[in-house]
Each structure stands twice: as C-alpha cells, then as structure tokens.
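# mind looking at a prediction? Sequence and model below.
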Amino acid sequence: MTKHLILLIVAAGFLSAFTANAQDGGENWRDSLSYMPGAALDSTLQGKNIFDLLPSKEKGDRTEVSVRQSQHILNALNAHIASNATRTIVGYRVRIFNDNKQNARSASEAVFNSFKSMYPDISAYRGYTNPFFKVTVGDFRTKSEAMQLLQEIKGSFPGAFIVKENIGYPAVSRVASSVPAGQDQ
C-alpha cells in the first residue's frame with residue numbers, strides 16, 4: 001500500500017510539472033502586427049567602383065594606391081554581376097488589385113496608375129493570370145517589410161493583402177537601410 005501511495009505521489013508530481021498553465025502576463029496587445037527592423041546595410045559604396053575611390057595624386061591626394069591585377073579579374077566580376085542581374089529570390093509583395101470581372105483590365109490599369117501617382121518610388125506590377133487581372137506592388141525580402149507598406153496603403157487600398165512571389169533583388173536604399181536612432185540591433 002505504501003509503495004502505491006509513493007508511486008501515486010511521484011506520478012502526480014510529474015503530471016503537474018507537465019501541465020500547461022495559461023497565465024496573464026499583463027501584456028496589453030493593441031494589434032497582432034509586429035515589425036522587425038531589417039539589417040542595417042552600408043550603402044555608401046552602392047553603384048560605385050571601389051578602385052575609383054582609392055587615393056591618387058591625379059585627384060590631388062597626398063598618397064597614391066595602385067592595384068595591379070589582371071584584366072581577367074575585372075572581366076570575371078562584371079560577368080558575374082551581369083549573370084546575376086536576372087536572378088530572382090522568393091520574397092513578398094502587396095497585392096492591391098485582384099479581379100476577373102468584365103472591366104477588370106481597365107480597373108487594374110486605373111489602380112496601377114493611381115498607386116504610381118501616390119507612391120512613385122515603389123515598384124508596381126500589372127499582371128494577368130487567367131482569369132484574374134492583378135496589381136502587386138513592392139519588392140520585399142521579409143514579410144515584416146511588406147507589412148509596413150500594407151499598413152501605409154491600407155487606407156487607400158482597403159482590399160490589399162500580402163503575397164509571396166519571386167522578386168528581383170530589391171535595390172539598397174539609404175532610407176530603408178538605416179536603423180532609426182535609439183534602436184540597436
């Protein structure tokens with residue numbers, strides 16, 4: 001009898017340790033939407049040839065740095081850049097129009113033009129996948145980035161939603177690549 005009682009107590013102890021308790025942590029959630037800042041990128045060299053930035057006496061610098069390398073290296077680098085220009089990655093866009101009505105073609109064009117007039121710096125794409133005309137906007141690596149745009153345009157395009165698509169590599173921009181002051185990663 002004592003063995004059974006001890007075994008019952010030990011089993012009850014293990015069971016109580018494995019039960020899940022829902023506890024109120026005191027958090028006040030206003031929205032289920034959360035943003036994660038992207039990695040800060042150094043875009044100071046974007047689109048520049050670093051060899052042109054080296055000091056030289058021709059540009060009036062006090063020192064000179066000369067790099068001696070085969071032209072084949074530069075040719076290989078340029079070929080690599082050219083071959084990767086058409087590569088795509090899986091990313092996110094915001095779909096602001098998706099319809100198959102009789103006037104969907106003209107309506108998609110109107111939505112496209114409306115978006116481009118309001119947000120000229122954000123890429124927009126019109127497409128047709130039988131039987132739907134679609135307008136998607138943006139090129140985002142993360143869903144959090146797409147959610148930021150979605151929240152911004154939700155007032156003008158209430159039916160907008162996020163879709164996962166193949167996207168071209170987004171250009172590095174000075175605005176998107178910086179972390180706001182006071183936010184360390």
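Yes, it's here.
# show me the helices in this structure, by range?
In the chain, the helices defined using DSSP state H lie at 2-18, 71-84, 104-118, 143-153.
# could you dump the ones you listed into CSV and include mean neighbour count, mean pLDDT and distance to residue 136?
(C-beta placed from N, C-alpha, C; glycine too.) Shown next, in CSV, are the helices of the chain (neighbours: other C-beta atoms under 10 Å; pLDDT from 0 to 100; distance: least, C-beta to C-beta, whole Å):
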stretch, mean neighbour count, mean pLDDT, distance to residue 136
helix 2-18, 9, 70, 46
helix 71-84, 10, 85, 23
helix 104-118, 15, 94, 10
helix 143-153, 18, 93, 10
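# make a markdown table out of those and add distance to residue 54.
Output for the helices of the chain, formatted as a markdown table (distance: least, C-beta to C-beta, whole Å):
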| stretch | distance to residue 54 |
| --- | --- |
| helix 2-18 | 64 |
| helix 71-84 | 14 |
| helix 104-118 | 40 |
| helix 143-153 | 34 |
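# do you know which of those lies nearest residue 126?
Smallest distance to residue 126 across these (C-beta to C-beta): 5.0 Å, for helix 104-118.
# just give me the longest strand of this structure.
strand 88-99 (DSSP state E).
# got a list of contacts for it?
107-108, 111-112, 115, 125, 132-143, 145-146, 149-150, 153, 157, 159-170 (C-beta atoms under 8 Å, 6 or more residues apart in numbering).
# right, and residue 131 touches residue 101 too?
No - using C-beta atoms under 8 Å as the test, residue 131 is too far from residue 101 to be in contact (9.8 Å).
# so residue 137 makes contact with residue 126?
No - counting by C-beta under 8 Å, residue 137 does not reach residue 126; the two are 10.2 Å apart.
# and these two? which has more neighbours close in?
residue 137 (25 against 15; other C-beta atoms under 10 Å).
# hang on, residue 161 packs against residue 150?
Yes - using C-beta under 8 Å, residue 161 and residue 150 qualify as a contacting pair, with a distance of 7.4 Å.
# contacting residues around residue 164?
Counted by C-beta under 8 Å, 6+ apart, residue 164 has contacts 90, 91, 92.
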